[in-house]
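[1] Quick one, what's the 3D model for this:
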Amino acid sequence: MNETRNQADNNIHHHSHAHESSLSHSQKDGEQNSDDHAMRRHHHHRHHSERYESHIRHKRQRELKKKIGNGLTIAFVVCAGVILSAALFAPQLLMSLSSSQTDLAPGVTIQPSGNIHTRLDYNGIDVSHHQGVIDWEKVGYDTCVQFVYIKATEGSTLIDEMYLLNVKGAKKAKIPVGSYHYLTSKSSIDNQFRNFSSVVDRSFQELAPVIDIEEEGLSGWSRQDIQDSLAKMIHLIEQHYHCSPILYSYSKFYNRYLAPRFNSYRLFLAHYNINLPIVAGAGTHNIWQHSDQGIVDGIETPVDLNVFTQGTTLKDILISNPQ
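    Below is the predicted model:
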């Protein structure tokens with residue numbers, strides 16, 4: 001009976017020890033699994049945190065670049081606006097600033113521009129109905145405007161619609177006035193002269209009359225036709241106004257069709273370039289129209305800018321100077 005009991009006790013003790021051992025392993029496995037899960041959660045949280053920080057960093061970089069880009073765009077627009085405003089409302093100031101002396105380095109200097117064309121210089125202007133209603137009082141304040149030529153007639157019938165108003169306004173502003181006729185091939189020279197002389201009163205003129213000779217108006221005429229017709233118009237004007245007219249034309253057209261026959265007359269040449277107009281043969285110009293994009297206070301549209309050549313003054317183009 002004692003052996004059976006002992007055996008039973010032994011069996012009970014062995015079973016208890018095995019159970020404890022099994023519980024111990026299970027507990028350890030659970031603890032290990034818990035540690036692994038915690039480590040995985042920590043690794044996932046750290047990885048997620050790094051990705052979030054990277055996203056925020058890139059977002060801030062994009063916002064910074066956008067702000068810089070917007071700032072540069074605004075600065076460019078402001079600068080462009082200032083330059084455009086200066087070009088429209090103060091071209092002389094803009095040119096003086098851009099052409100002022102600049103020191104690039106010791107001994108290296110950019111001198112101011114001495115070119116009439118780039119400085120937009122002018123001694124006088126010429127106008128027609130294309131300039132609309134002109135505020136002559138404002139124009140009169142411009143000390144650069146020493147004279148004005150006003151379109152009077154074209155062909156045998158056309159009278160510029162703004163002529164009388166322009167003459168009255170310019171004279172009231174005390175600007176010396178002259179008138180010009182646009183020559184055409186569509187009517188006789190006698191009829192064209194009658195049109196001009198019926199409108200242009202000598203007593204209202206300070207400046208010698210101008211004959212405007214341009215290719216567009218003389219279609220169908222040969223070189224000889226142009227010269228002979230011009231010679232007749234000159235003769236009629238000389239008899240009526242007691243002075244020789246001034247001849248206006250584009251320099252290229254003048255040299256091709258009129259030089260050198262008319263080189264002894266006072267020449268008013270258009271040449272939109274930085275270089276002075278050149279007269280073919282012996283002779284020179286007296287007035288150079290170097291731009292048709294002038295800005296003069298009181299005139300709402302671009303206007304022709306005219307300068308005297310060296311040696312020519314206002315006195316040389318007066319109607320009282322027969323030449």
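[2] Sketch out the low-pLDDT regions of the protein for me.
    1-56, 58-59, 65, 69, 79-114 (pLDDT under 70).
[3] Endpoint to endpoint, stretch 301-314 covers what distance?
    Its first and final residues considered, stretch 301-314 spans 25 Å by CA to CA, to the nearest Å.
[4] That one: how far from the chain's middle?
    Centroid separation for stretch 301-314 versus its chain: 21 Å, with CA atoms, centre = their mean, to the nearest Å.
[5] neighbours around Gly283, how many?
    13 (other CB atoms under 10 Å). C-beta here means a position set from N, CA and C on the backbone, and glycine is covered the same way.
[6] Mind listing what's buried along stretch 134-146?
    For stretch 134-146, a neighbour-count test (16 or more other CB atoms under 10 Å) marks 134, 136, 139-140, 142, 145-146 as buried.
[7] now swap in stretch 178-185 and tell me
    178-184.
[8] what about that stretch, distance to the chain center?
    31 Å.
[9] what comes into contact with that stretch?
    Under the criterion CB atoms under 8 Å, 6 or more residues apart in numbering, residues 126, 147-155, 163, 167, 192, 195-196, 199-200, 205-214, 217-221, 225, 229-230, 233, 246, 248, 317, 319 lie in contact with stretch 178-185.
[10] so of the residues you listed, which ones are in strands?
    Counting by DSSP state E, these place 126, 147-154, 210-212, 246, 248 in strands.
[11] For those, name the two members farthest from one another.
    Phe147 and Glu154 (21.2 Å; CB to CB).
[12] Tell me the secondary structure at Gln289.
    Judged by DSSP: H, G, I helix; E, B strand; the rest coil, the three-state class of Gln289 is strand.
[13] same check, this time on Lys138
    Lys138 ends up helix, using three-state DSSP.
[14] tell me the contacts of the residue nearest to it when sequence neighbours are not counted?
    Leaving aside its sequence neighbours, Lys138 sits nearest to Gly298 (CB to CB, 6 or more residues apart in numbering; 3.1 Å). Neighbour list for Gly298: 134-139, 141-142 [criterion: CB under 8 Å, 6+ apart].
[15] Would you work out how far apart the start and end of stretch 152-169 are?
    Stretch 152-169 end-to-end distance (CA to CA) = 14 Å.
[16] Could you list the residues in contact with that stretch?
    127-129, 131-134, 136-137, 150-151, 177, 179-182, 184, 186-188, 191-192, 194-196, 199-200, 204, 217.
[17] Filter these down to the buried ones, ChimeraX style.
    The ChimeraX selection below is limited to those of the contacts of stretch 152-169 classed as buried (16+ other CB under 10 Å):
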select :127,128,131,134,136,150,151,177,179,180,181,182,184,192,195,196,199,200
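[18] among the contacts of stretch 152-169, which are in helices?
    Members of those lying in helices (criterion: DSSP state H): 136-137, 191-192, 194-196, 199.
[19] wait, which of these is closest to Asp304?
    Once CB to CB is applied, the member of the ones in helices among the contacts of stretch 152-169 that ends up nearest Asp304 is Trp136, at 16.4 Å.
[20] Leaving out chain neighbours, which residue sits closest to the closest one?
    Gly169 (3.4 Å).
[21] Same check on Ser244?
    Ser244 sits nearest to Gln323 (CB to CB, 6+ apart), 5.2 Å away.
[22] what about the one you found, distance to Arg119?
    Using CB to CB, to the nearest Å, Gln323 is found at 29 Å from Arg119.
[23] Looking only at neighbour counts, state which of those two leads.
    Arg119 (18 against 14).
[24] Could you give the number of residues near Gly71?
    10.
[25] now the strands: where do they sit in the chain?
    Counting by DSSP E, the strands of the chain are 102-105, 108-110, 124-127, 147-154, 158-159, 177-182, 210-212, 246-250, 267-270, 287-294, 303-308.
[26] Just send those strands back as a markdown table, with distance to Ala259 too.
    Output for the strands of the chain, formatted as a markdown table (distance: least, CB to CB, whole Å):
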| stretch | distance to Ala259 |
| --- | --- |
| strand 102-105 | 41 |
| strand 108-110 | 38 |
| strand 124-127 | 22 |
| strand 147-154 | 22 |
| strand 158-159 | 28 |
| strand 177-182 | 20 |
| strand 210-212 | 15 |
| strand 246-250 | 10 |
| strand 267-270 | 9 |
| strand 287-294 | 16 |
| strand 303-308 | 20 |
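[27] And the buried residues of stretch 178-185, which is closest to Lys252?
    Leu183 (17.2 Å).
[28] Would you quantify the distance from that closest one to Val296?
    Using CB to CB, which is the criterion applied here, Leu183 is 26 Å from Val296.
[29] One more: Tyr272?
    In terms of CB to CB, Tyr272 sits 17 Å off from Val296.
[30] follow-up on the earlier one: reformat the buried residues of stretch 134-146 as CSV; add distance to Tyr265.
    Shown next, in CSV, are the buried residues of stretch 134-146 (distance: CB to CB, whole Å):
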residue, distance to Tyr265
Ile134, 29
Trp136, 29
Val139, 28
Gly140, 30
Asp142, 29
Val145, 24
Gln146, 21
